[in-house]
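Chemist: Just to be clear, the model below is a prediction. Sequence and coordinates:
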Amino acid sequence: MARFLRPLLRGTTYTRLLHLWVPMLIISVWMFILPTHPWVPALFLIPVGLIPAVRLGEGVQARLLLTPGEEEESGISVVPAASWRDRFRTVVWLELRMALGALAVGGTVWLPILTYDLISVAFGHVPTDNPVLRGVAPHWAYGLLAPFPLALSFAAVIGLGELITAVARRLLGPSAAQRLTALEERTEQLLERNRIARELHDSLGHALTVAVVQAGAARAAGDPVFTGRALTAIEDTGRAALEDLERVLGALRETGGPVQGRPTLAEADRLLESARASGATVDAEVAGPLETVPGPVSREGYRILQESLTNVLRHAGDVPVRVRISVGDGSLDLEVRNRLTADIPGRGRGSGLRGIRERAALLGGRARTGPDRGDWQVHVELPLS
């Protein structure tokens, strides 16, 4: 019984009922003007529904009264009609809203009145203005029927509320073009979040790896001069990581747009020196003008190089590393190789390697990672166009 009456405790039940009653205000006014033509308001709704702004107003009402508290997830759009199909859907919605509103008035007004009249008949008074009970003989048994109209009224309130909400989602919901636009926006947001995650992973991962390697080497060496160089390298790498972190967090806090001021391959020397300071022997070869590489390609190339060197320091230690960066006619070729050790991440494992492949794929390039002729190889080709 308590479960049956639970909808009476929800505010949504009454806001939906209010939404159903609103069109009846127009009908009530019209019935005072011309009661012999009750169909005129329904005819008047046709040109009204063709006005683009009407769809916006109906969407706002439906969200507020039919789905309070869940406006963004309601499935009801709040934009003007952008096509004739949306306008016709609005007309159908207005007509159905008025029809369901008439049923709601009958369920919430006339059924309770019928209950009152049944009780009156049970006590010996027969109402003359009720066509259902007109002419019946008074009898106490009519009192036993009194709860049924109330139960039917209760069911009508709940059922019509659910029905009008389902109809609103169907007729006032986003069109196919709006759903496609929302999907594209969502995809862009996910891509941006994924890119920011890669930025943080590559930048902070590189800084922490350098710090750990340098601290371990300094402790093992026991040389004050080497320890000083190690601390300087940790400080420089940490400061650069903090700058990257501030850029990313600034974009998230302020605009949510693309991160500005990201490092490019023109600053590759900073990465190479950081790796050398961590104990790795880096043999670098750069062919072609790095400053002519387009910004997006240069920035992603920098991150790929950063992640590749980080993986070397993390998994192989202070081993010789060969770095080759070549700017050709139409592509950027980047390769990082080091002697293969037992502690390798394996093809396809690790978010760093996955991030390298994702960066290359987003730019229309290719990335190969894994063992190659006794070395661990990261080979990336990125188109410049």
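Modeler: Yes, it's here. Numbers count the residues shown, from 1 in each chain.

Chemist: mind listing the strands in the stretch 251-385 of the chain by residue range?
Modeler: 281-287, 320-327, 331-339, 366-372, 375-383 (DSSP state E, counting those that start in this stretch).

Chemist: Make CSV out of those and add mean neighbour count.
Modeler: C-beta: built from backbone N, CA, C; applies to glycine. Converted to CSV, those look like this (neighbours: other CB atoms under 10 Å):
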stretch, mean neighbour count
strand 281-287, 14
strand 320-327, 18
strand 331-339, 21
strand 366-372, 17
strand 375-383, 20
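
Chemist: Can you add distance to G352 and mean pLDDT and give those back as CSV?
Modeler: Listed next are these as CSV, based on distance: least, CB to CB, whole Å; pLDDT from 0 to 100:
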stretch, distance to G352, mean pLDDT
strand 281-287, 18, 87
strand 320-327, 16, 91
strand 331-339, 12, 90
strand 366-372, 9, 88
strand 375-383, 10, 90
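
Chemist: T36 is nearest to which of those strands?
Modeler: Minimum separation from T36 across those (CB to CB) falls at strand 375-383, 75.8 Å.

Chemist: Tell me what angle the closest one forms with strand 331-339.
Modeler: 170 degrees (axes from the mean of the first three to the mean of the last three CA atoms, to 10 degrees).

Chemist: follow-up on the earlier one: export the strands of the stretch 251-385 of the chain as a markdown table, with columns for distance to R359.
Modeler: Listed next are the strands of the stretch 251-385 of the chain as a markdown table, based on distance: least, CB to CB, whole Å:
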| stretch | distance to R359 |
| --- | --- |
| strand 281-287 | 20 |
| strand 320-327 | 15 |
| strand 331-339 | 11 |
| strand 366-372 | 8 |
| strand 375-383 | 8 |
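
Chemist: Looking at those strands, which is nearest to R89?
Modeler: That would be, of those and by CB to CB, strand 375-383, which comes in at 44.9 Å.

Chemist: Now do that closest one against strand 366-372, angle only.
Modeler: 170 degrees.

Chemist: So which elements touch strand 375-383?
Modeler: helix 295-315, strand 331-339, helix 351-362, strand 366-372 (3 or more CB pairs under 8 Å, 6 or more residues apart in numbering; DSSP states H and E).

Chemist: Can you tell me which helices and strands the shortest one packs against?
Modeler: Taking 3+ CB pairs under 8 Å, 6+ apart as contact, the helices and strands that strand 366-372 lies on are helix 351-362, strand 375-383.

Chemist: try 10 Å this time
Modeler: Packing contacts for strand 366-372, counted by 3 or more CB pairs under 10 Å, 6 or more residues apart in numbering; DSSP states H and E, involve helix 295-315, strand 331-339, helix 351-362, strand 375-383.

Chemist: Output those as a markdown table; include the columns distance to R169.
Modeler: Converted to a markdown table, these look like this (distance: least, CB to CB, whole Å):
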| stretch | distance to R169 |
| --- | --- |
| helix 295-315 | 40 |
| strand 331-339 | 49 |
| helix 351-362 | 35 |
| strand 375-383 | 45 |
